[in-house]
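Peer 1: predicted coordinates and the sequence they were generated for:
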Amino acid sequence: MQIDKEIQSKFDDNLHKVVVNILYTYGWLGNLFRGQFEKYNVTQQQFNVLRILRGQYPKPATINLLKERMIDKMSDASRIVDRLVQKKLVTRCTNNKDRRAVDIRISDEGLEILAKIDLEYKTRDILKNSLTEEEADTLSGLLDKLRG
């Protein structure tokens, strides 16, 4: 459905319309994904951190590295890591070279949860009925261009 009909709004121009459409679509996708993650008792931000840590595995990551790579830059990475430690999905230990730094690693349980989510949840399954591969590539390129 078109954004102006979806939210019953008028826009100043197409630039205004695209900003509202991007924000609305972000919320729409977030709601779709939230249901997937709730099955495994993780939030979208926790899922993002687990994926970053899996990409680093077996090397550790620091809070600063997580902050740099997170999708939502406003997230409190330290708090997210605290919750993941409580759930035993990551481990935290002091860095051997710099005692002020903390190393964070994904645990076996964290890897298992991601493997289960990977089997059940495929982004392409959500979008394949709406966009072709070529359209997805074009849209991704336009979004990259927008961020400039």
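Peer 2: Received, thanks.
Peer 1: may I see the buried residues of the longest helix belonging to the chain?
Peer 2: The single longest helix within the chain, with elements called by DSSP state H, is helix 14-38. Using 16 or more other Cβ atoms under 10 Å as the test for burial, helix 14-38 gives 17, 21, 33, 37. (Each C-beta comes from the backbone N, C-alpha and C, glycine too.)
Peer 1: gap between the residue found closest to the second one once you drop the neighbours it is linked to in the chain and N41?
Peer 2: Nearest in space to N21, with sequence neighbours left out and distances taken as Cβ to Cβ, 6 or more residues apart in numbering, is I3 at 4.4 Å. From I3 over to N41 the distance is 33 Å, taken as Cβ to Cβ, to the nearest Å.
Peer 1: and these two? Which one has more around it.
Peer 2: I3 (17 against 10; other Cβ atoms under 10 Å).
Peer 1: and the more buried one, how far from Y57?
Peer 2: For I3, the distance to Y57 equals 40 Å [Cβ to Cβ].
Peer 1: how's this protein carved up into domains?
Peer 2: 1-38, 41-147 (automatic domain parsing).
Peer 1: run through the neighbouring helices and strands of the one helix or strand in the chain whose mean pLDDT sits lowest.
Peer 2: Here the helix or strand of the chain ranked lowest by mean pLDDT, DSSP states H and E is helix 123-127, holding a mean of 78. Helix 123-127 sits against no helix or strand, with contacts defined as 3 or more Cβ pairs under 8 Å, 6 or more residues apart in numbering; DSSP states H and E.
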